[in-house]
Each structure stands twice: as structure tokens, then as C-alpha cells.
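Student: Sharing a sequence plus its predicted fold:
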Amino acid sequence: MGTWGPEPFDSDTAADYLDDLGELSPPMRLDAIVRTLGSVPETPRETAPGDGVRRPADALPEEVIAAAAVVAANLPSGERLPWNGEVAGITEWLPQPVPEAVRSLAIGALDAAVPAGGWWWRSWVDDADRDRAAGALDRLRAALGGG
């Protein structure tokens, strides 16, 4: 089915990622999220996943967004994000307090995985959905402390 909405958990890829995280303990979730966020190349690429350029360790943009949304949900600034209700108990998924370094890693990974004008943005066929996705990412970045 792919993507069905503009929020961080509204894709099959994000749902699969969350299912995998749901089976882990809070410390193991944090480790998995840090690995996901750390697998994003520092320099954004214009190529799409599956084009033969992607390294196996690179996380998909939807996984990075979902990982960052889990981090945000576990911060006081993100405990009321509208999509938190989609995943039971998500605001208690990570050990508290979430380290500042993880918050910073999430912001940097979002910037690298979903660069302005990159393929992820161009993949939205409907301008209204693209605008809603931009709003969701803005709320996510704000909750992470990145603007």
C-alpha cells in the first residue's frame, strides 16, 4: 500500500519499523533508533532508495522520520504530538531522560534524509499532502528542539 498519510507513522515502511521496535525493551529500542539515525549519510543524496546507489546500512527516509518521531514522543516537548495516539504507550518507549545527543542526532538525520527539494518531497503527488507532510515535519523538528 505504501504511504497513506502525511504524518510520521503513515506508511508501510514506518509501520514495519515500529513493529520491529515494539518487540524490544526500552534500552534496546534506543540503541536501534540511534543505529537508524546514525546510518544516514551526512551528505544528502538526490537518488531514491532501490536505485542501486543506496548502501545497505542507509535507513529509508520513512524509517528516519519514524525514529525521530519516537524520540520526540519521549520528550516533554513532544508528548502531545498528534500522531502519538497511533502507537500505544509510545511516550514511554525510551529510557528517560532521552540524551541530548540523541535529540541532536535525530535533527541531523532528518535534515540529511529529507533535504529540501529532495526526492522524498517530489514523491508527493498531491500538493496538499506535501504541505501536510511539511507541517508534520515542522512539528516534529520543533518538538526535537530544532526549529
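Tutor: Good, I have the coordinates. This one's a predicted model, so the numbers in the text were calculated from it and none came from an experiment.

Student: who's in contact with the closest residue to Ala133 other than its chain neighbours?
Tutor: Spatially, and ignoring its direct neighbours in sequence, Ala133 is nearest to Pro6 (3.8 Å; C-beta to C-beta, 6 or more residues apart in numbering). To be clear about C-beta, it is placed using only N, CA and C from the backbone, and glycine gets the same treatment. Going by C-beta atoms under 8 Å, 6 or more residues apart in numbering, Pro6 touches Trp124, Asp129, Arg130, Arg132, Ala133, Gly135, Ala136.

Student: quick one: least confident of the residues you listed?
Tutor: Minimum pLDDT for these is recorded at Trp124 (91).

Student: Report the contact partners of it.
Tutor: Counted by C-beta under 8 Å, 6+ apart, Trp124 has contacts Pro6, Arg130, Ala133.

Student: ok, the residues you listed vs Leu60, which is closest?
Tutor: Nearest to Leu60 out of the contacts of Trp124 is Ala133 (C-beta to C-beta; 15.0 Å).

Student: any idea which of the contacts of Pro6 is closest to Pro95?
Tutor: Once C-beta to C-beta is applied, the member of those that ends up nearest Pro95 is Ala136, at 25.5 Å.

Student: Is that closest one located within a strand, as I assumed?
Tutor: No: going by DSSP: H, G, I helix; E, B strand; the rest coil, the assignment for Ala136 is helix, not a strand.

Student: The contacts of Trp124 in helices, which ones?
Tutor: In helices, defined here by DSSP state H, the members of the contacts of Trp124 are Arg130, Ala133.

Student: Same list (the contacts of Pro6) but as a markdown table, adding distance to Asn74.
Tutor: Formatted as a markdown table, the contacts of Pro6 follow (distance: C-beta to C-beta, whole Å):
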| residue | distance to Asn74 |
| --- | --- |
| Trp124 | 28 |
| Asp129 | 27 |
| Arg130 | 28 |
| Arg132 | 24 |
| Ala133 | 22 |
| Gly135 | 21 |
| Ala136 | 17 |
